[in-house]
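# here is a sequence together with a model predicted from it:
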Amino acid sequence: MTAAGVSLAGCTLRPADVTMDSTHLSWYLREAPAERTAQRQRAEALLKEALAKIAAITIATEPHGAEVKVDGAVVGRTPLALPVFLEPGRHAISAELDGYKPQRELIDPAAGDAVGITLRLARSDAQARAAVDAPATAGPRAASEAPPAKLPETAATTPATRSWVPVIALGAASVVGLGVGVGMTVASNDAVAEKDERKQRILQEGGQCAEPAAAFAERCKALRSAGSRADTLGNGARVAFIASGTLAAAAVTYLLWPRADATALPEVRADGAGITLFGAF
């Protein structure tokens, strides 16, 4: 699995662009499912390695919604989802918002620093806001003077334990349905064999059952009964096989479904069968 330039399988960072890799790793840890424990652990290790070589800058503005630029390049609007990862050295951070005066600040972080800055924008009518707005600080700021940046959380959550009771119950019901289907199939085949045998004997003795003579009336009645029994058992076997397959599919679906609060219920109808899932997805 890869995360936009970060190879979790190869366990490598691109030396020429550690800041970009750090951004991709942070997004991966933010979005990757908690069940991917091994991949998340590897991403955490790679991010830790990268953060030792660069600086993590958490940028905020007052008010929110300002367009943020780093060294002239737009990085987004506040609140930013992730810190901005920069190489050590001096950088210019600026913010712009309609109705407010642009604000700019210089920082000079070192490798491994975590810097948090807040740019406070004054309204265009500066006199009306002078009493409530604190003046923004201009000039370089050392990383040691800034509050620590809040880095993305990397701890993987433990997936909820899934109960095996529904799987066992559905599996057992599926086995029972399969057994009933097999039994009814055997009985249906016996009834078909009986019907064929009775029909053959009647034909061999010169009889027929379309308009049977008195001598063949009872035998034709038994022939029709065997045929009806074969059809009934055959239909019952098909229903049992469908129910068995539906129950088995429900058990597998419940077991493999990624959410532990999902419920799978089999549904058998005269015209078919299916599975109904309940839960939050």
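Thanks, I have the structure now.
# quick one: the helices in the chain, in order.
All helices of the chain, identified by DSSP state H, fall at 18-31, 37-51, 126-129, 165-204, 217-256.
# for R90, which of these is the nearest?
With CB to CB, the closest approach to R90 among these belongs to helix 18-31: 15.2 Å. Every C-beta, even on glycine, is put in place using the N, C-alpha and C of the backbone.
# what would the helices of the chain look like in TSV with distance to E87 and mean neighbour count?
TSV is the format used below for those (distance: least, CB to CB, whole Å; neighbours: other CB atoms under 10 Å):
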stretch	distance to E87	mean neighbour count
helix 18-31	6	20
helix 37-51	11	18
helix 126-129	35	11
helix 165-204	53	16
helix 217-256	45	17
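# between those, which one is closest to G112.
helix 37-51 (6.7 Å).
# elements contacting the closest one?
Secondary-structure packing of helix 37-51 (3 or more CB pairs under 8 Å, 6 or more residues apart in numbering; DSSP states H and E): helix 18-31.
# for the record, mean pLDDT for the helix it packs on?
Taken as a whole, helix 18-31 has a mean pLDDT of 64.
# cool, and stretch 97-116?
90.
# buried set for it?
97, 100, 103, 105, 107-109, 113-116 (16 or more other CB atoms under 10 Å).
# so which of these is the closest to A249?
A114 (50.8 Å).
# for stretch 209-218, measure first residue to last.
Using CA to CA, to the nearest Å, the end-to-end distance of stretch 209-218 comes out at 10 Å.
# any residues touching it, and which ones?
199, 202, 205, 207-208, 219-220, 223-224 (CB atoms under 8 Å, 6 or more residues apart in numbering).
# follow-up on the earlier one: which of the buried residues of stretch 97-116 sits closest to L51?
A114 (8.1 Å).
# now do S163 against A173, distance only.
Here the criterion is CB to CB, to the nearest Å. By it, S163 lies 16 Å from A173.
# and for G76?
54 Å.
# repeat that for V115.
Relative to A173, and taking CB to CB, V115 is found at 61 Å.
# got it, and A193?
31 Å.
# below-threshold pLDDT in the stretch 1-150 of the chain: ranges please.
1-30, 32, 43, 47, 126-150 (pLDDT under 70).
# same thing but at 90, please
The stretch 1-150 of the chain contains residues with pLDDT under 90 at 1-57, 75-76, 80-88, 111-116, 124-150.
# tell me where it has strands.
Here the stretch 1-150 of the chain has its strands, by DSSP state E, counting those that start in this stretch, at 2-3, 6-7, 55-62, 67-70, 73-77, 84-86, 91-96, 103-107, 114-120.
# if you drop the residues flanking it in sequence, what lies closest to N189?
A230 (8.0 Å; CB to CB, 6 or more residues apart in numbering).
# actually L121, not the one I wrote
Nearest to L121 is Y100, by CB to CB, 6+ apart, at 3.9 Å.
# the one you found contacts A122, correct?
Yes. If you go by CB atoms under 8 Å, Y100 and A122 touch, sitting 6.5 Å apart.
# so how far is Q208 from C220?
C220 is 8 Å from Q208, where distance means CB to CB.
# thinking again about what came up before, dump the residue contacts of the residue nearest to N189.
When contacts are counted by CB under 8 Å, 6+ apart, A230 touches 188-189, 191-192, 195.
# do A95 as well
Contacts of A95 (CB under 8 Å, 6+ apart): 59, 61, 66-69, 78, 102-104, 119, 121.
# and the buried ones among those, selectable in ChimeraX?
The following ChimeraX line selects those of those that are buried, judged by 16+ other CB under 10 Å:
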select :59,61,66,67,68,69,78,103,119,121
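# quick one on the thing from earlier: a markdown table for the contacts of A230, including pLDDT and distance to A240?
Formatted as a markdown table, those follow (pLDDT from 0 to 100; distance: CB to CB, whole Å):
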| residue | pLDDT | distance to A240 |
| --- | --- | --- |
| S188 | 86 | 11 |
| N189 | 91 | 15 |
| A191 | 85 | 16 |
| V192 | 89 | 17 |
| K195 | 85 | 21 |
